[in-house]
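Chemist: fold the stuff below for me.
(4 chains)
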Number of protein chains: 4
Amino acid sequence: MLKIGATGWIEKEKPRPGPLDAIVAPLALAPCTSDIHTVYAGALGDRHNLILGHEAVGRVVEVGSEVRDFKPGDRVVVPAITPEWRTQDIQQGIPHQHSESLLSGWKFSNTKDGVFAEFFHVNDADMNLAALPDRITLEQACMMPDMMTTGFHGAELADVQFGAVVAVIGIGPVGLMAVAASALRGAGRIFAVGSRPKCVELALGYGATDIINYKNGDIVRQVVDLNRGKGVDHVIVAGGPENVLSQAVSLARPGGSIGNINYFGEGAMLEIPRLDWGCGMAHKSIRGGLCPGGRGRMERMIALVAHGRVDPGKLITHKFQGLEGVEAGLALMKDKPAEVIKPLALI
Amino acid sequence: MLKIGATGWIEKEKPRPGPLDAIVAPLALAPCTSDIHTVYAGALGDRHNLILGHEAVGRVVEVGSEVRDFKPGDRVVVPAITPEWRTQDIQQGIPHQHSESLLSGWKFSNTKDGVFAEFFHVNDADMNLAALPDRITLEQACMMPDMMTTGFHGAELADVQFGAVVAVIGIGPVGLMAVAASALRGAGRIFAVGSRPKCVELALGYGATDIINYKNGDIVRQVVDLNRGKGVDHVIVAGGPENVLSQAVSLARPGGSIGNINYFGEGAMLEIPRLDWGCGMAHKSIRGGLCPGGRGRMERMIALVAHGRVDPGKLITHKFQGLEGVEAGLALMKDKPAEVIKPLALI
Amino acid sequence: MLKIGATGWIEKEKPRPGPLDAIVAPLALAPCTSDIHTVYAGALGDRHNLILGHEAVGRVVEVGSEVRDFKPGDRVVVPAITPEWRTQDIQQGIPHQHSESLLSGWKFSNTKDGVFAEFFHVNDADMNLAALPDRITLEQACMMPDMMTTGFHGAELADVQFGAVVAVIGIGPVGLMAVAASALRGAGRIFAVGSRPKCVELALGYGATDIINYKNGDIVRQVVDLNRGKGVDHVIVAGGPENVLSQAVSLARPGGSIGNINYFGEGAMLEIPRLDWGCGMAHKSIRGGLCPGGRGRMERMIALVAHGRVDPGKLITHKFQGLEGVEAGLALMKDKPAEVIKPLALI
Amino acid sequence: MLKIGATGWIEKEKPRPGPLDAIVAPLALAPCTSDIHTVYAGALGDRHNLILGHEAVGRVVEVGSEVRDFKPGDRVVVPAITPEWRTQDIQQGIPHQHSESLLSGWKFSNTKDGVFAEFFHVNDADMNLAALPDRITLEQACMMPDMMTTGFHGAELADVQFGAVVAVIGIGPVGLMAVAASALRGAGRIFAVGSRPKCVELALGYGATDIINYKNGDIVRQVVDLNRGKGVDHVIVAGGPENVLSQAVSLARPGGSIGNINYFGEGAMLEIPRLDWGCGMAHKSIRGGLCPGGRGRMERMIALVAHGRVDPGKLITHKFQGLEGVEAGLALMKDKPAEVIKPLALI
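Modeler: Here you go, the predicted structure:
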């Protein structure tokens, strides 16, 4: 990102590690919709000469003097969220995503250079990198730093229970992972709201039982009609129109829970429908949060894939070679033809 | 309530109990702001010849054939919320307040006649009435059906923890109970947002440590400045301006929790400030719900008062005699001079 | 059960329904190890002429005057646990399994006649029966009343999280369902402790990743060695030797959780190893409980099977025809040849 | 501690701080029963020339190069538990008390020299020390490092709810804090089990409503008789006889919770009564854990005292002057005359 609206390659000095840090060279990189937001919509404000990217698998090339568990040559998954871990905020129970301040755990392509580079810097390697086992493919691994941990967080935020009815709004890559996570947390019926054929196909493969297409009318009405006139137990917001949070509140039954993993990029205010929220009295809980990062989280994602619980590699619809592939991938994400879910660049 | 905007006394037949029900004659009655909303603002829609009132202590005068634990002459606390308890919804984990449908547990002066009458009907007496011990005064007892259970629910919804910083917005009678409940659940610092001198005095008595007056400027700024630049751990919304939910979200720290017990009576949409909610990523949870009712809840409120944990009787600023006293109390609530917190009619 | 140690068929009057009850004729019946305990070990004390059995799928033949949702001819799943639902105890948050007193929800073949009969009585039909959809087989359905709900409760009690390491001790039918439930709640690695080849085969099919055979030495040592020297995150106790609870505590990491679904039939005291429980300081939580019953729970089990999340029908290794088949099944459970997991009698 | 059974003063070099550490000189010290266990019962094994003590308030005398928030001269509360905070275990959700291994957070007088010295070493000062405000007395402050945080953890582990019935077994200093914490978390009736007159007096002052004396017979029977034949909602184990955990399980109602803060020093096994634990089916949860430490916890304790929620200073029954006072205090704790609750040495 050269400036808002312009991308290109720039030369920067190779970063140097502090005592706890590592320098990593990418093996696989994935462009993300939020990169598009950052560069084309200026979602994070104006940034000049910021390296984009926060989804990477790589090989360690250098480590700081205090790093204990990693050494050059190790293959690693690099989470999008790489917080400082020794903070007062974590001690007080604040989620690590905000361990220094709101969203401070999100550093790549936000408060420091991202991963779309020959080398990139990872703070606190022992706490933020996870070793990549051989039996996991680069395709699978590269979906863990953001897509998978975010989608799975949706099912955690909505606190999906055995046999429950879930609605997932939005079935782009994050929403698809939320569908998989809901099934994997024991949901019964899963309504997936989306329309693109490729996404629908994958949603069904990941465990959705009903597809709701907004082109067929109000999604709240469609779901409630199919669900015997009742709201659903859990709603995961993973995309959708501007008023999607409002739809989610309307979709939930009294006492139901809404988990938001959608990044709201526009407008001053989000809206909750007063009557469907019971005038404030409906016990419909609303939780939303940035995806968990750090080594432990990546190790848990790795465990899920290694033991065959889920295959996030299926999200990848387009593969490119080399760093130039990142450019191609970004271009694809920008134009978003219907058949794209997630591009990957193998370096 | 004769119709929207008009009150008066009407003659109705004495109600008859079903097999599980009881007929109760009031010993003490308290008008509530929501009665005012119902009759003057038409908050529940147009109702004709509906008896108002849902805060009562009384004496049982008749019981149905299947009632086991109560008999005529028993002194009882009558919760504002008197649900059906044997329902599929409760079985599925839906809060009892919505045990048949959204807010269905709220029957008095809503879906059936209220308690401002010589006799009133209580469904499922064994599950909804609680015996009133001698050592508790009518003043204390009559604050339990709504004020106390609602205020305490605020601290439950916000999940107040030991030593935490809490902000309670609104210090009318429900907010004052939320202050007391926060202190009683182990809060450290408690910011109480309000301005009326009588309310401020009681807030300090119930455990508030800082009073924030909106007349002195933006309350979010005031609280954050006093709290070393940080948001608070828990926010309880118990009143306030139209945008109070938005203020609450801004007041909470990342990972903080907001408990709403304010009945929102107007507007199609409530608003959440996008940026302060971290674009959906801040982990600030929002929960709101109707107060718990039923016998068990009232017994727990009774236990708190009987064991000296809290004295809700201090809320009562004005006392009247007889059923006419209800009229006087309603008039007082309508005009709301600054020194009124809660009126009571002793029958 | 004629008396301790003796079984046989007896004639009893056809039961009659109260206003809320139903009379059901069985379509499929499954004998359970606890029937064996009851009749041969006298686990519930001496009972005379008690009809055994609590795992049934059936057809409604008669309903009481107040039953709304069921009528003669309906195919239903009958949970082993059929509580009273309108009680003070449930109102106070006590689990429905104990809604009148400890374990009071367990009525069949305990405090009233069981289901091994031409007709049996179900209290509170609307709250305790669940309609059986056509697409679910009798084999699948008959595993829901006890095996499935119990095994799934194990994963709930242990509160299994995404990617976590779980140990399930005991892989009889309940333990196998606990393995399936752990996988379905998002466990990563699952150690299943057992030795019978048929059970091992099914455990792997249901999601176990490692089989631990107690014949190869101390199971705690075996698991910890495979788990890089560490205790596991969650332990589910679903069988095992007398000291299995003690093993579970030793297996758990600090802060880990133990969920017990094993019925302990002997001895005055269960033991917790003092040092491995950190002298009381290890934050290893221990929870154990009777399986959830009632209509809502059965509907959630049905949803899981109907949507293809799990197939409990695989548990059935032996099928018989007619009520006499129950006798054959009981005989099988008593002798327990290695290849038996669960017998079923189709009526 | 010179060796098991022998105490005396020894000369050691003044400790030196690492980059994150601090050296503190004591202002007030309190001997603890566990010091007695350590030296006279050898509870932690044989130790030679180990400095005892883990309850201290002090003045910083030196800080490491990376310490940001403290400087020489600052008055600080020093928690008994001073963990490493940047660890994989904390990242995985393991409580900080075990952030490197079981109980590893407990360092003073366990894995390193304790606080009964002219100077002592505190690891990670910014994360483990808390600034002591002027308005808090040394008596109050010196109860925070262990007594208060432990007692309050009991109410957390038992998850005390509004209006609930609680039993606290053992009313030494930790049990008294558990009584105060239960009241402060909103308990209704509180049964306190103990006999010494001074402890009884304080228990009533901290909020106990009923005193149960084991000399009057089986405590379970006594409590259940007073509680209308029912078990209690929550039990906190803070002392008592060897079989106290068993008593606690018997005391709890179905679905009740037991929080253990008692250090079990003897025996290979703790016992759970099989029948009262419902043969494993009673849903009586058992949790036990070492007290929380670190700066954030101490700040929350400070907030509770600073805002007048509780006065832990009342625990101190005997005061001494100087380091020699520690000896006198230890002697007192060893002999434990009935009127001693907690001695304090002001340095």
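Chemist: quick one, what contacts A:Arg75?
Modeler: The contact partners of A:Arg75, by CB atoms under 8 Å, 6 or more residues apart in numbering or on different chains, come to A:Leu27, A:Val57, A:Gly58, A:Arg59, A:Ala131, A:Leu132. For glycine as for every other residue, the C-beta is placed from the backbone atoms N, C-alpha and C.
Chemist: actually A:Ala178, not the one I typed
Modeler: Residues in contact with A:Ala178 (CB under 8 Å, 6+ apart) are A:Gly151, A:Phe152, A:Gly154, A:Ala155, A:Val168, A:Ile236, A:Ala238, A:Ile261.
Chemist: apply 7 Å and report the result again.
Modeler: Each residue near A:Ala178 by CB atoms under 7 Å, 6 or more residues apart in numbering or on different chains is listed here: A:Gly151, A:Gly154, A:Ala155, A:Val168, A:Ile236, A:Ala238, A:Ile261.
Chemist: and it, helix, strand or coil?
Modeler: Secondary structure assignment for A:Ala178 (DSSP: H, G, I helix; E, B strand; the rest coil): helix.
Chemist: for the stretch 101-250 of chain A, which residues are neighbours of chain B?
Modeler: Residues of the stretch 101-250 of chain A lying close to chain B by CB under 7 Å from any CB of the partner chain are A:Leu102, A:Leu103.
Chemist: mind listing the helices for the stretch 101-250 of chain A?
Modeler: Assigned by DSSP state H, counting those that start in this stretch, the stretch 101-250 of chain A shows helices spanning A:125-128, A:138-141, A:149-157, A:173-184, A:197-206, A:219-226, A:244-251.
Chemist: need the winner for burial among these.
Modeler: helix A:173-184 (a mean of 30; mean count of other CB atoms under 10 Å in any protein chain shown).
Chemist: just the angle between it and helix A:197-206, please?
Modeler: In terms of direction (axes from the mean of the first three to the mean of the last three CA atoms, to 10 degrees), helix A:173-184 departs from helix A:197-206 by 20 degrees.
Chemist: of the contacts of A:Arg75, grab the buried ones for PyMOL.
Modeler: Remark: buried members of those, expressed as a PyMOL selection using 16 or more other CB atoms under 10 Å in any protein chain shown:
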select buried, chain A and resi 27+57+58+132
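Chemist: which ones among the contacts of A:Arg75 are found in strands?
Modeler: Mapping those onto strands (DSSP state E) picks out A:Leu27, A:Val57, A:Gly58, A:Arg59, A:Ala131.
Chemist: quick check: bridge partners of the last one?
Modeler: Which is A:Ala131. On the basis of DSSP bridges, A:Ala131 is bridged to A:Val76.
Chemist: quick one: average confidence on whichever strand or helix holds A:Ala345?
Modeler: Using DSSP states H and E, A:Ala345 falls within strand A:342-346. The average pLDDT within strand A:342-346 is 97.
Chemist: now do stretch A:206-226
Modeler: Mean pLDDT, computed over stretch A:206-226, is 97.
Chemist: now do stretch A:274-286
Modeler: Rounded mean pLDDT across stretch A:274-286 is 97.
Chemist: stretch A:244-255 now?
Modeler: Per-region confidence: stretch A:244-255 scores 98 on mean pLDDT.
Chemist: how far does it sit from the chain's center?
Modeler: In terms of CA atoms, centre = their mean, to the nearest Å, the gap separating the centre of stretch A:244-255 from the centre of its chain is 22 Å.
Chemist: please name the nearest non-neighbouring residue to A:Ala22.
Modeler: A:Ala125 (3.7 Å; CB to CB, 6 or more residues apart in numbering or on different chains).
Chemist: what's the spacing between the one you found and chain B?
Modeler: Using CB to the nearest CB, to the nearest Å, one gets 25 Å for the distance from A:Ala125 to chain B.
Chemist: tell me the domain ranges of chain A?
Modeler: Taking automatic domain parsing as the criterion, chain A consists of the domains A:22-142+A:311-346, A:151-288.
Chemist: which of those domains sits most buried?
Modeler: Of all the domains of chain A, domain A:151-288 has the most neighbours on average by mean count of other CB under 10 Å, namely a mean of 23.
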